[in-house]
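A.B. asks: sequence and predicted structure are below.
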Amino acid sequence: MQKTVVIILAVIALIVGALVYKTTREPALDRDVLSRSGIFLFDAPRSLPDVELTSAAGEPWTGDDLAGQWDLLFFGYTYCPDICPTTMAELREIENSLPQDQADQLQITMISVDPNRDTPERMREYLEYFSEDFNGASGDPEQLASLARALSIAYIEPDTSEENYLVDHSGQVVMVNPEGQYVGFLRAPLRPAELSQWLPRIMKQ
């Protein structure tokens with residue numbers, strides 16, 4: 001009789017434990033679910049080319065700057081009238097909504113596709129409007145093009161002889177893991193509320 005009671009209690013404990021686990025565990029990173037939130041992860045990480053640009057601080061910026069933390073890269077320019085300020089504001093919202101430990105492990109960088117006008121000083125002033133923690137980089141057009149191709153970013157070099165010219169460019173945000181590898185992208189327009197829920201899960205992998 002006593003043995004039967006012990007077995008019954010053990011079965012009940014297993015059932016309760018399974019129910020608790022089922023109701024408290026985080027949902028799996030289902031790629032179809034992620035895509036509906038605008039998040040696209042590759043099956044395997046992709047390597048990046050060796051490039052050297054100039055940071056918004058006026059220092060060399062290379063692939064080494066993408067190692068050691070998660071990075072979100074957005075290719076735009078400071079004179080952009082619409083998508084760039086909107087995206088930077090959304091990235092600030094995402095950064096501010098993350099748990100502090102995840103926010104500390106995330107670096108957001110704007111890569112300017114307008115090196116003709118976006119000097120380090122100009123970029124620094126622009127980025128500080130959104131966040132003092134944001135980074136920026138730009139530089140040699142060939143180096144920019146090499147990095148953009150590797151990250152599937154499209155942009156059209158403008159006619160810089162025209163006054164107040166615009167630069168056509170992609171709007172997605174690139175995700176780079178702490179090993180400096182291209183692992184996916186966030187589709188524009190961003191969904192800060194959803195992204196702030198999923199990014200911590202992705203960063204734990």
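C.D. replies: Cool, got the structure. Numbering: from 1, shown residues only.
A.B. asks: just the helices from this structure, written as ranges.
C.D. replies: Taking DSSP state H to define them, one finds helices in the chain at 2-24, 31-36, 83-97, 100-104, 120-130, 141-150, 192-203.
A.B. asks: could you export these as TSV, including mean neighbour count, mean pLDDT and distance to residue 51?
C.D. replies: For every residue, glycine as well, the C-beta is placed using N, CA and C. Output for these, formatted as TSV (neighbours: other C-beta atoms under 10 Å; pLDDT from 0 to 100; distance: least, C-beta to C-beta, whole Å):
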stretch	mean neighbour count	mean pLDDT	distance to residue 51
helix 2-24	9	49	44
helix 31-36	12	87	28
helix 83-97	18	96	21
helix 100-104	12	91	26
helix 120-130	18	97	16
helix 141-150	16	96	5
helix 192-203	17	93	24
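A.B. asks: of all those helices, which one is nearest residue 173?
C.D. replies: Relative to residue 173, the nearest member of these by C-beta to C-beta is helix 83-97, separated by 7.0 Å.
A.B. asks: on that earlier part again, tabulate the helices of the chain (JSON lines), appending distance to residue 171.
C.D. replies: JSON lines is the format used below for the helices of the chain (distance: least, C-beta to C-beta, whole Å):
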{"stretch": "helix 2-24", "distance to residue 171": "37"}
{"stretch": "helix 31-36", "distance to residue 171": "16"}
{"stretch": "helix 83-97", "distance to residue 171": "5"}
{"stretch": "helix 100-104", "distance to residue 171": "23"}
{"stretch": "helix 120-130", "distance to residue 171": "16"}
{"stretch": "helix 141-150", "distance to residue 171": "13"}
{"stretch": "helix 192-203", "distance to residue 171": "14"}
